[in-house]
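# Have a look at this fold, sequence not included:
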């Protein structure tokens with residue numbers, strides 16, 4: 001991808017289109033998608049100004065990045081949206097990179113870049129000051145590096161994958177599941193890596209989750225119990241409708257993303273074996 005001039009041009013054009021759409025929706029007053037947006041901004045501001053943490057369930061990456069930015073430019077409206085917008089633009093080449101590592105086809109990569117610029121979920125998460133877009137960038141990069149390892153076998157790609165997913169794990173708990181799924185895929189992929197090769201990979205992936213769980217024990221806070229308590233305020237039908245898996249299926253059905261399974265499933269069944277291991281890493285965490 002780096003050596004293909006046409007892909008560079010396509011990537012730049014996709015970023016410009018993405019930036020134009022983000023500015024358009026900001027100008028139209030699309031400023032938020034949930035109360036978490038404002039809460040995380042205030043949490044970051046409180047940490048930057050007073051060293052306090054408002055919600056222990058929120059992992060530190062967003063708090064630190066936005067908090068440091070607010071120290072430089074203390075605008076609670078503009079600054080978080082600039083950061084989310086920049087991450088949203090980075091997500092476009094990250095999508096293209098992943099497609100290129102998987103298929104090594106210029107047309108597929110170009111189409112992915114174009115769709116990434118127009119992708120409604122990417123656009124919404126880029127315009128609102130949401131932490132999810134930061135998580136998405138690092139997970140996409142981690143999966144691209146994992147696909148590169150499957151293709152080339154280079155240890156450097158595997159360790160860089162662990163680093164990228166580890167950073168995502170400082171932002172959202174879901175990244176911990178991706179880390180576990182990637183480790184499973186690495187273990188299943190023949191030949192199984194020896195202990196000396198696998199140990200640094202495991203340490204990078206899980207040193208933060210283990211440390212964070214230990215810290216929660218130290219401050220007598222149980223994020224899992226907190227999640228259960230939050231869920232109890234909803235009825236069973238609401239839980240079944242609003243849980244991440246149901247929401248994923250419904251939202252992606254409405255925007256026709258699930259149509260892609262018509263290509264993905266045959267590719268996993270009859271395509272290159274590396275696609276099966278990639279499917280373990282990319283799809284197992286969703287349920």
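Nice, I can see it. It should be emphasised that the depicted structure is a prediction, and the values quoted were computed from it without experimental measurement. Numbering: from 1, shown residues only.

# okay, CA-based contacts and neighbour counts for the rest of this
Fine.

# Give the lowest-confidence helix or strand of this structure, using mean pLDDT as the measure.
helix 223-231 (a mean of 66; mean pLDDT, DSSP states H and E).

# what comes up buried for the helix or strand hosting residue 180?
Residue 180 belongs to helix 174-188 when elements are defined using DSSP states H and E. For helix 174-188, burial by neighbour count (16 or more other Cα atoms under 10 Å) applies to 175-183, 185-186.

# Save the residues you listed as JSON lines, and put in distance to residue 107 too.
JSON lines is the format used below for those (distance: Cα to Cα, whole Å):
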{"residue": "175", "distance to residue 107": "30"}
{"residue": "176", "distance to residue 107": "33"}
{"residue": "177", "distance to residue 107": "32"}
{"residue": "178", "distance to residue 107": "28"}
{"residue": "179", "distance to residue 107": "30"}
{"residue": "180", "distance to residue 107": "32"}
{"residue": "181", "distance to residue 107": "29"}
{"residue": "182", "distance to residue 107": "27"}
{"residue": "183", "distance to residue 107": "31"}
{"residue": "185", "distance to residue 107": "28"}
{"residue": "186", "distance to residue 107": "29"}
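
# Switch these over to a markdown table; also include distance to residue 20 and pLDDT.
As requested, the buried residues of helix 174-188 are exported to a markdown table (distance: Cα to Cα, whole Å; pLDDT from 0 to 100):
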| residue | distance to residue 20 | pLDDT |
| --- | --- | --- |
| 175 | 30 | 93 |
| 176 | 33 | 93 |
| 177 | 34 | 93 |
| 178 | 32 | 95 |
| 179 | 34 | 95 |
| 180 | 37 | 95 |
| 181 | 36 | 96 |
| 182 | 35 | 96 |
| 183 | 38 | 95 |
| 185 | 38 | 95 |
| 186 | 39 | 94 |
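
# measure residue 18 to residue 115 for me?
10 Å (Cα to Cα, to the nearest Å).

# and the two? which has more neighbours close in?
residue 18 (26 against 16; other Cα atoms under 10 Å).

# burial measure for the closest residue to the more buried one other than its chain neighbours, as a count.
Leaving out its chain neighbours, the residue that sits closest to residue 18 by Cα to Cα, 6 or more residues apart in numbering is residue 117, at 4.6 Å. Applying other Cα under 10 Å, we find 27 residues neighbouring residue 117.

# Distance of residue 117 relative to residue 14?
From residue 117 to residue 14 the distance is 5 Å (Cα to Cα).

# shared neighbours of these two, which are they?
Common neighbours of residue 117 and residue 14, counting by Cα atoms under 8 Å, 6 or more residues apart in numbering, are residue 92.

# so which of the buried residues of helix 174-188 would you say is closest to residue 80?
Comparing these against residue 80 with Cα to Cα places residue 175 closest, at 21.7 Å.

# Could you check how far the closest one is from residue 123?
Distance from residue 175 to residue 123, by Cα to Cα: 21 Å.

# so what does the helix holding residue 180 touch, helix or strand wise?
Here helix 174-188 touches helix 132-152, helix 155-168, helix 195-218, helix 274-283, going by 3 or more Cα pairs under 8 Å, 6 or more residues apart in numbering; DSSP states H and E.
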